[in-house]
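A.B. asks: Quick check, what structure comes out for this input:
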Amino acid sequence: MDGLVMIIWGILFLILIIKFFQSIRLVPTKSAYIVERLGKYHCTLEAGFHALLPFIDRVAYIQDLKEETIDVPPQECFSMDEVNVEVDGVIYISVVDPVKASYGITDYRFAAMQLAQTTTRSVIGTLELDRTFEERDLISAKVVEVLDAAGESWGIRVHRYEIKNISPPQTVKDAMEMQVNAERERRAILAKSEGDKQSLINRSEGIMREIINVSEGEKQRRINAAEGKASEIMALARATSESITKVAQVINQDGGQQALEMQLSEQYLAQFKGLGKAQNKVILPANLMDYQQWMDTIGLNKIKSG
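C.D. replies: As a prediction, the model looks like this:
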């Protein structure tokens with residue numbers, strides 16, 4: 001009988017020791033312990049060492065205050081143009097009020113995920129399919145706004161919501177791919193036509209400039225040739241004028257008349273050298289030895305009388 005009593009007291013002492021050690025709590029950083037005293041909320045233990053009353057106080061909830069991510073599973077949504085798309089995302093939240101997160105809702109993670117899904121469906125229902133790919137920021141902002149409004153009573157804060165994938169049906173993907181390929185081909189054809197157009201313009205401008213340059217060169221060549229010819233004529237005229245003036249001056253000097261007659265006679269006789277070779281017709285005076293008749297023939301006497 002005494003042995004049984006000792007065993008009972010030993011068990012009670014062991015339970016007391018266990019409860020005593022359980023009443024000592026070391027709370028890590030970025031954590032919060034919710035303490036209940038006799039089934040009622042008593043206090044929130046922050047990071048550090050804390051001692052509780054055995055059998056009276058107990059830690060009912062442990063809340064992690066670090067930012068965490070919650071995957072939103074894929075769900076089917078209908079766009080405004082009645083296209084079924086599959087959307088999934090991820091939520092970034094953190095607990096800001098451990099008491100509300102413990103007593104304000106049963107499971108804030110599940111509630112945030114469900115609210116994000118319903119809000120995503122409602123926002124996509126107001127957009128056409130093409131805009132759903134462009135308005136990701138709009139969808140994310142709307143989900144964050146709704147979750148923030150609900151998170152005030154849940155003791156959480158929603159930092160951001162990101163859409164990971166928007167997957168339309170395979171038929172829509174094929175149609176979109178065909179549209180993209182058609183647009184790419186249109187741009188390629190347009191770019192090629194623009195290139196050909198610019199090439200033709202450049203070639204025609206080159207030909208036009210070449211023709212202009214050639215005509216300008218020909219014009220300048222003719223101007224230079226005309227100026228050269230005019231200079232040549234002017235030089236010959238001045239030389240002829242000077243030679244005539246000098247000849248006239250020489251003729252008027254003593255013996256000039258006789259020198260002129262002698263030179264003309266030499267030139268006249270030189271014409272008879274090629275009579276046998278050339279096909280020329282020459283009228284000769286009746287008496288070749290009559291020098292005076294020669295002079296009369298060539299009109300030298302008229303020059304003298306003049």
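
A.B. asks: domain ranges for this structure?
C.D. replies: Under the assignment automatic domain parsing, the domains of the chain span 2-64, 68-168, 254-306.

A.B. asks: hey, which of the ones you listed is tucked in deepest?
C.D. replies: Mean neighbour count (mean count of other Cβ atoms under 10 Å) peaks for domain 68-168 among these, with a mean of 17. All C-beta spots, glycine's among them, are computed from the backbone N, C-alpha and C.

A.B. asks: next one: that domain to chain centre, how far?
C.D. replies: Mean C-alpha position of domain 68-168 versus that of the full chain (Cα atoms, centre = their mean, to the nearest Å) differs by 36 Å.

A.B. asks: Model confidence score at T118, please.
C.D. replies: pLDDT, T118: 90.

A.B. asks: let me redo that: A259
C.D. replies: pLDDT, A259: 67.

A.B. asks: How about the one 4 residues further on?
C.D. replies: Taken from the predicted model, the pLDDT recorded for Q263 is 68.

A.B. asks: report the longest helix in the protein, please.
C.D. replies: Taking DSSP state H as the criterion, the chain has its longest helix at helix 170-252.

A.B. asks: Would you agree F133 is in contact with P168?
C.D. replies: No: using Cβ atoms under 8 Å, F133 is not in contact with P168, being 9.1 Å away.

A.B. asks: Next one: S102 relative to W154, how far apart?
C.D. replies: Taking Cβ to Cβ, to the nearest Å as the measure, S102 falls 10 Å from W154.

A.B. asks: how about the domains of the chain, which one is nearest L236?
C.D. replies: Nearest to L236, of all those, is domain 254-306, at 20.5 Å by Cβ to Cβ.

A.B. asks: what residue ranges in the protein score low on pLDDT?
C.D. replies: Counting by pLDDT under 70, the chain shows low-confidence ranges at 1-2, 172-176, 250, 253-306.

A.B. asks: now R136, nearest residue through space, not along the chain?
C.D. replies: Of all residues not flanking R136 in the chain, I163 sits nearest, at 5.1 Å (Cβ to Cβ, 6 or more residues apart in numbering).

A.B. asks: who does the longest helix of the chain touch, helix- and strand-wise?
C.D. replies: Counting contacts by 3 or more Cβ pairs under 8 Å, 6 or more residues apart in numbering; DSSP states H and E, helix 170-252 is packed against helix 256-270.

A.B. asks: one step back: ok, the residue nearest to R136 to R157 distance?
C.D. replies: Using Cβ to Cβ, I163 is found at 20 Å from R157.

A.B. asks: No further queries at this time; thank you.
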